[in-house]
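A.B. asks: Following is a predicted model, sequence given first.
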Amino acid sequence: MDRVAVMLTAQVTVVERAQKIQIQEQEIVRRERELDSKVRKPAEAEKYRLEKIAEANKSVWLRFLKACACVRNSVINNPISLFSS
C-alpha cells in the first residue's frame, strides 16, 4: 500500500475505536440508570420503610416500658393499693 492509504487506514481505525469507546460509555450510563431504577431506588425505599417500622416498634416498646415502670413504682410506693378498691 502506498503511504496515503496506510495513513487513511490508521485514521479510520482511530475513528472506529473512538466510536466504540463512545458507545461503551453510553452503555455504561444506560446501565447505571437501569441499576438506579431497578435496584438502588427500591432498596432505598425498602430501607426507609424498615427504618420507619423499627422507629414505631421502638416507640411502642418505650411507652410500654414506661407504663410498666409507673405501675412498678406505684406498687412499691403503695403496696396496699393493690388490695383496696
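C.D. replies: Noted; the coordinates are in hand.
A.B. asks: For the chain, which segments count as helices?
C.D. replies: 3-35, 41-77 (DSSP state H).
A.B. asks: roughly how far apart are residue 60 and residue 74?
C.D. replies: The gap separating residue 60 from residue 74 is 22 Å, by C-beta to C-beta, to the nearest Å. Glycine gets a C-beta too; all of them are placed from N, C-alpha and C.
A.B. asks: Give me the neighbour count for residue 33.
C.D. replies: Residue 33: 10 surrounding residues under other C-beta atoms under 10 Å.
A.B. asks: do the one 4 residues further on as well
C.D. replies: Counted by other C-beta under 10 Å, the residues lying close to residue 37 total 10.
A.B. asks: Could you pull up the residues touching it?
C.D. replies: Going by C-beta atoms under 8 Å, 6 or more residues apart in numbering, residue 37 touches no other residue.
A.B. asks: Let me see the confidence value for it.
C.D. replies: At residue 37, the pLDDT value in this model is 95.
A.B. asks: Could you pull up the mean pLDDT of stretch 65-75?
C.D. replies: 85.
A.B. asks: And residue 84, what's its pLDDT?
C.D. replies: 63.
A.B. asks: With residue 5 instead?
C.D. replies: Looking at residue 5, its pLDDT stands at 84.
A.B. asks: for the one 3 residues further on, same thing?
C.D. replies: Looking at residue 8, its pLDDT is 89.
A.B. asks: Around it, count how many other residues there are.
C.D. replies: Number of residues near residue 8 (other C-beta under 10 Å) recorded here: 12.
A.B. asks: One more: residue 31?
C.D. replies: Neighbour tally, residue 31, other C-beta under 10 Å: 10.
A.B. asks: How about residue 55?
C.D. replies: Residue 55: 10 surrounding residues under other C-beta under 10 Å.
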